[in-house]
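**Student:** Predicted model follows, preceded by the sequence.
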Amino acid sequence: MATNPRSPTADIKVEIDKLPDLANTVRAEIRDMIPETAISGLTIAPADLSSSTEDEHGNKKYTGRMLEEKVSLFVLKMEIGTAWRWELVIWQKPGRLVYDRDYGYLIPLSKKINLMPGGEVEEGQYAKVSGQPSFSPKAAAIFLVPL
């Protein structure tokens with residue numbers, strides 16, 4: 001008798017919750033630092049961000065001292081401890097979250113990100129993820145993983 005292969009989504013878990021108010025305020029400040037996600041019209045000049053890199057798929061990663069300071073403040077306001085590494089990414093195409101830890105936190109900078117499985121994660125929310133869920137195109141987010 002043949003056994004059913006395990007579903008590739010069986011090990012994926014997504015828990016969506018509301019950001020603490022102070023963390024959400026810092027998240028909005030970070031969002032406004034990025035030209036692609038800013039809604040206030042008061043973006044910081046790209047040179048002040050230090051750098052952005054773009055891969056062959058058009059995905060862009062932002063780094064820099066000012067972002068490092070804001071993300072550190074954001075993590076502090078989330079009250080999840082301080083031992084995290086982060087990426088701020090704008091994905092142009094759908095894909096999978098790929099990382100080398102048991103779990104991570106996905107914080108949208110775009111209006112919403114659709115995770116499959118998991119559902120929509122909107123501004124003001126975060127998703128604690130384990131496994132490698134798929135995400136929607138045109139997604140902008142901070143992704144935190146434990147050190």
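**Tutor:** It's in. Numbers count the residues shown, from 1 in each chain.
**Student:** so how far is Tyr99 from the spatially closest residue to Val71 that is not a sequence neighbour?
**Tutor:** Taking CB to CB, 6 or more residues apart in numbering, and ignoring the residues beside it in sequence, Val71 has Trp86 as its nearest neighbour in space, at 5.0 Å. The C-beta positions use only the backbone N, C-alpha and C, and glycine is treated the same way. Trp86 sits 11 Å away from Tyr99 when distances are taken as CB to CB, to the nearest Å.
**Student:** what do these two both touch?
**Tutor:** When CB atoms under 8 Å, 6 or more residues apart in numbering defines a contact, the residues bordering Trp86 and Tyr99 alike are Phe143, Val145.
**Student:** And the helices in the chain?
**Tutor:** For the chain, the helices identified by DSSP state H occupy 21-31, 65-78, in order along the chain.
**Student:** any weak-confidence spans in this protein?
**Tutor:** Within the chain, the set of residues satisfying pLDDT under 70 comprises 1-10, 40-50.
**Student:** one more time with 50
**Tutor:** Judged against pLDDT under 50, the low-scoring parts of the chain cover residues 1-6, 47.
**Student:** Do you have the strands of it handy? List them.
**Tutor:** Assigned strands in the chain, in chain order: 13-18, 51-54, 60-63, 84-91, 95-96, 104-108, 112-116, 119-122, 125-130, 134-135, 139-146 (criterion: DSSP state E).
**Student:** and the angle from the fourth one to helix 21-31?
**Tutor:** Put simply, strand 84-91 runs at 50 degrees to helix 21-31, going by axes from the mean of the first three to the mean of the last three CA atoms, to 10 degrees.
**Student:** Restricting to C-alpha, output strand 84-91 in CSV.
**Tutor:** This file holds the C-alpha atoms of strand 84-91, laid out as CSV (Å, rounded to 0.1, in the frame of the first residue of the first chain):
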residue,chain,number,x,y,z
TRP,A,84,18.1,39.5,15.7
ARG,A,85,19.4,40.0,12.2
TRP,A,86,17.3,41.7,9.6
GLU,A,87,16.7,42.3,6.0
LEU,A,88,14.6,45.0,4.4
VAL,A,89,13.5,43.7,1.1
ILE,A,90,11.2,44.7,-1.8
TRP,A,91,10.3,41.6,-3.8
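**Student:** Which neighbouring elements make contact with that strand?
**Tutor:** Under the contact criterion of 3 or more CB pairs under 8 Å, 6 or more residues apart in numbering; DSSP states H and E, the helices and strands touching strand 84-91 comprise strand 60-63, helix 65-78, strand 139-146.
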